[in-house]
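Trainee: just a sequence and a predicted model for now, questions to come.
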Amino acid sequence: MASFLQNSSSVSAGRAAIDDLLSPYFLHHSDNPAISLVSQPLTGDNYASWSRATIIAMTVKNKLGFLDGSIAKPADTDLNLSSWIRNNNVVIAWILNSVSKDISASILFADSAYEIWNDLREQFQQSNGPRIFQLRRELINLRQDQQSVAVYFTKLKSLWVELSNFRPSCTCGQCTFGGVKNLAAFSHHEYVLTFLLGLNESFTQIRGQLLLLNPLPPINKVFWLVSQEECQRTLSSQSDANTSLSNNLAFAVKGRSSGHDFGFPTRGAQRERPFCTKCQINGHTIDTCHKIHGYPLVISPNLSQSLSTWQLILQQSTPLSIMWSTMTVQQHLKMAFFPIIEPSTIQTTNEDVCYALIKFCSHWFLHNDR
């Protein structure tokens with residue numbers, strides 16, 4: 001009877017551990033083995049950032065003890081053994097989902113999450129030298145260039161924080177001589193100097209003012225001050241652009257009111273007609289005067305003689321059978337020659353002759369326009 005009561009109490013304790021929300025053995029319905037807890041899978045060279053993200057995720061899930069070994073495997077007679085195996089397998093599945101396929105093949109047959117965690121740490125954390133070298137080289141070559149201050153600072157901070165994880169630090173909490181504090185102050189001093197060093201030369205003035213401060217402000221304060229300077233310059237440049245646009249518009253309005261538009265005559269200004277000093281008439285200049293340079297074919301100053309020549313050409317031309325439905329060459333000829341030439345003659349006139357007639361009309365009216 002006593003043994004039965006003891007077994008019942010043990011079962012009740014094990015059930016209480018599974019149902020307790022604060023127990024590491026508790027599994028929420030969303031804690032399925034198919035999810036991935038980190039955004040970037042482990043590829044080998046990103047172990048520092050991956051391990052940090054994995055630790056944060058496991059802490060939120062209350063399963064960090066399965067990684068660091070603080071929750072050891074219970075004895076075979078322990079009622080929590082089945083719960084431990086189930087939680088251990090869920091953590092293993094989460095790790096497999098957060099590493100690359102090549103790496104997952106090497107850890108697939110491990111028995112515990114603690115064993116996998118140690119294996120990955122020994123495999124990838126030992127090769128810190130190349131990664132540290134790469135981070136330091138990126139920090140040295142990092143410059144603002146065309147980036148904004150916010151984008152430049154974000155890149156610098158990500159590199160600096162990752163590099164800081166490789167630096168040794170004291171975690172005992174028993175140092176009383178101020179060595180840890182001085183080391184942290186020196187690291188912060190380098191952080192600020194690295195940020196100021198990568199800024200563009202346009203920030204020389206505010207950089208000099210910050211370097212005169214002793215001690216240097218916190219890095220976030222320095223970033224805020226530089227960002228305010230950048231915002232002030234942006235507002236000033238916009239104000240200068242608006243002022244320049246206003247001046248240009250005022251100049252344009254002034255030019256229009258004076259009768260000119262940036263050196264060109266306005267729309268209402270009349271164009272001066274050409275004048276021939278030989279004929280003393282408008283419409284052409286002395287450089288194109290036919291009285292000096294000669295008349296073209298079938299064009300003469302005598303209208304009756306020219307019209308007689310055109311009547312002969314019209315009689316010898318090949319008729320056309322095309323009917324003109326729009327304002328075409330024949331209609332222009334009817335309007336120009338209707339008082340002189342019979343419209344039926346123009347209706348059947350060859351098209352080439354029609355164009356020649358138009359040319360004749362334009363030349364004749366040009367020389368007789370007074």
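Mentor: Arrived safely.
Trainee: need the pLDDT of Pro274.
Mentor: pLDDT, Pro274: 83.
Trainee: now do the one 3 residues further on
Mentor: Reported pLDDT at Thr277 in the predicted model: 81.
Trainee: separation between it and Gly283?
Mentor: Distance, Thr277 to Gly283, by C-beta to C-beta, to the nearest Å: 13 Å. Every C-beta, even on glycine, is put in place using the N, C-alpha and C of the backbone.
Trainee: more crowded one of the two?
Mentor: The residue with more neighbours, out of Thr277 and Gly283, is Gly283; 16 against 9, by other C-beta atoms under 10 Å.
Trainee: pop out the phi and psi values for the more buried one.
Mentor: phi 120, psi -20 (degrees, to the nearest 10).
Trainee: residues in contact with Glu162?
Mentor: Ala48, Ser49, Leu135 (C-beta atoms under 8 Å, 6 or more residues apart in numbering).
Trainee: run the last query once more with 10 Å
Mentor: Shown in contact with Glu162 (C-beta atoms under 10 Å, 6 or more residues apart in numbering): Asn46, Ala48, Ser49, Arg52, Arg131, Ile132, Leu135, Glu138.
Trainee: pull the most distant pair out of these.
Mentor: Distance extremes for the contacts of Glu162: the farthest pair is Arg52 and Glu138 at 18.4 Å, using C-beta to C-beta.
Trainee: so what's Asn282 closest to, chain neighbours aside?
Mentor: Distances taken as C-beta to C-beta, 6 or more residues apart in numbering place Arg273 nearest to Asn282, at 4.7 Å, with adjacent residues excluded.
Trainee: doesn't the one you found lie inside a helix?
Mentor: No - counting by DSSP: H, G, I helix; E, B strand; the rest coil, Arg273 is not part of a helix but coil.
Trainee: got any ranges where the protein has weak pLDDT?
Mentor: Scanning the chain for pLDDT under 70 picks out the ranges 1-19, 126-127, 171-173, 176, 239-271, 294-370.
Trainee: domains for it, by residue range?
Mentor: 2-126, 296-367 (automatic domain parsing).
Trainee: can you redo the contacts of Glu162 as CSV with neighbour count and distance to Asp287?
Mentor: Compiled in CSV, the contacts of Glu162 are given as follows (neighbours: other C-beta atoms under 10 Å; distance: C-beta to C-beta, whole Å):
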residue, neighbour count, distance to Asp287
Asn46, 15, 82
Ala48, 20, 86
Ser49, 16, 83
Arg52, 14, 88
Arg131, 19, 84
Ile132, 15, 85
Leu135, 20, 80
Glu138, 15, 74
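Trainee: alright, that wraps it up for me.
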